[in-house]
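*Asks:* fold the following and give me the result.
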Amino acid sequence: MAERGVRTVPETRNGGAAQAKVKEDHDLPGVWVAYGALLAHLRKRAGLTQQALGAAIGYSLEQVASVEQGRRPAKAAFTEAAERALNAGGVLQVLQAEVDRAKLPRFFRNFAAVEAEVLSRFSYDPLLVPGLLQTEAYARAVFAGHCPPFSEEIVDQHTEARLGRQRLLTREPMAELSFIIGEEALRNPVGGREVARGQWKRLLELGRLRNVEVQVMPTGVGFHVGLDGPFVLLGTKDFRRLGYIESQEVGCIISEPADVSGFDSRYGKLRSQALNGQESARLLERLVGET
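*Replies:* Residues are numbered from 1 along each chain as shown. The predicted structure is shown next:
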């Protein structure tokens, strides 16, 4: 018998499918596999079968088995219920943030880990509403339109992870957050008019938070320094400044001080060229009223 976690592959005419399955298993995020192994250990220590644990926490046998095998990430509700049922003492909970982060696209995970701990985050987004401000419907529409297409399960996972990142908006201690969004991004009805209307309302709500500033870069302003593309500026808890740029699913964290200083200068200029907070709110209110 093969050891747990090692899959033997019979030689068949359908070898390509078997090889694809092995690759799929190897691509599982390590933290999902580690969480699953820990869950199985705690369950066995408690003297429970997978079926019994599922019944105790309100999940099916198949769901528990999938989590233990690392094929499916545990959601926060699953972890909370398992913690209570297994008297786990918080050992599953400490992995939850990493489990959630592994739902994100692979290229984005390192940035997301830094972002979660920042003291400040400033961004310019000309084409889409930034992920930290997206409604669930808007985020789902973005991922559903991916090319090549994502499966429904991956759309669900990426959407959940994006919404999970939004804890930064209300986290303690508060982070200082500034968003400059291109007017074109607001007027493009991603997901349809109702989704767009819900997104505009969400931006108005978030713009009222004490630590969040939402500004709109209007169309027709002429040349501005954001025409080179979107970027993010981060202020870390150890008082470093980092930049981040992304295009076509390639992301790059910038740490060279001279380069980051250039991002700082550009962002300051963009802030002066964009509509201020009140003007931006009035524009959003007009968009809501037009639908």
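
*Asks:* what residue spans form the domains of the chain?
*Replies:* 15-101, 106-290 (automatic domain parsing).

*Asks:* pLDDT weak spots in the stretch 151-291 of the chain?
*Replies:* Applying pLDDT under 70 to the stretch 151-291 of the chain flags no residue at all.

*Asks:* now do the helices in it.
*Replies:* 152-165, 183-187, 193-206, 257-273, 277-290 (DSSP state H, counting those that start in this stretch).

*Asks:* how about CSV for the domains of the chain, with mean neighbour count added?
*Replies:* (Each C-beta comes from the backbone N, C-alpha and C, glycine too.) Formatted as CSV, the domains of the chain follow (neighbours: other CB atoms under 10 Å):
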stretch, mean neighbour count
domain 15-101, 16
domain 106-290, 16
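
*Asks:* rewinding a little: can I get the helices of the stretch 151-291 of the chain in JSON lines with distance to residue 41?
*Replies:* Formatted as JSON lines, the helices of the stretch 151-291 of the chain follow (distance: least, CB to CB, whole Å):
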{"stretch": "helix 152-165", "distance to residue 41": "25"}
{"stretch": "helix 183-187", "distance to residue 41": "47"}
{"stretch": "helix 193-206", "distance to residue 41": "41"}
{"stretch": "helix 257-273", "distance to residue 41": "44"}
{"stretch": "helix 277-290", "distance to residue 41": "50"}
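
*Asks:* among those helices, which comes closest to residue 57?
*Replies:* Residue 57 lies closest, by CB to CB, to one member of the helices of the stretch 151-291 of the chain: helix 152-165, at 18.5 Å.

*Asks:* quick check: which helices or strands does the closest one pack against?
*Replies:* Contacts defined by 3 or more CB pairs under 8 Å, 6 or more residues apart in numbering; DSSP states H and E place helix 152-165 against helix 93-101, helix 109-115, helix 136-144.

*Asks:* how about the CA coordinates for the next helix or strand after the shortest one, as CSV?
*Replies:* Right, the one you point to is helix 109-115. Using DSSP states H and E, the next helix or strand after helix 109-115 towards the C-terminus is strand 120-125. Written as CSV, here are the backbone C-alpha positions of strand 120-125 (Å, rounded to 0.1, in the frame of the first residue of the first chain):
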residue,chain,number,x,y,z
SER,A,120,-0.7,52.5,5.0
ARG,A,121,-1.8,51.5,1.5
PHE,A,122,-2.3,53.9,-1.4
SER,A,123,-3.3,52.8,-4.9
TYR,A,124,-4.2,54.1,-8.3
ASP,A,125,-6.5,51.9,-10.4
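
*Asks:* contact partners for the most centrally placed residue in the chain?
*Replies:* Taking CA atoms, centre = their mean, the centroid of the chain lies closest to residue 162, which sits 2.7 Å from it. Residue 162 makes contact with 104, 131, 134, 139 under the criterion CB atoms under 8 Å, 6 or more residues apart in numbering.

*Asks:* ok, residue 105 - contacts?
*Replies:* With CB under 8 Å, 6+ apart, residue 105 has these contacts: 158, 249.

*Asks:* that one and residue 137, how far apart?
*Replies:* Separation of residue 105 from residue 137 (CB to CB, to the nearest Å): 20 Å.
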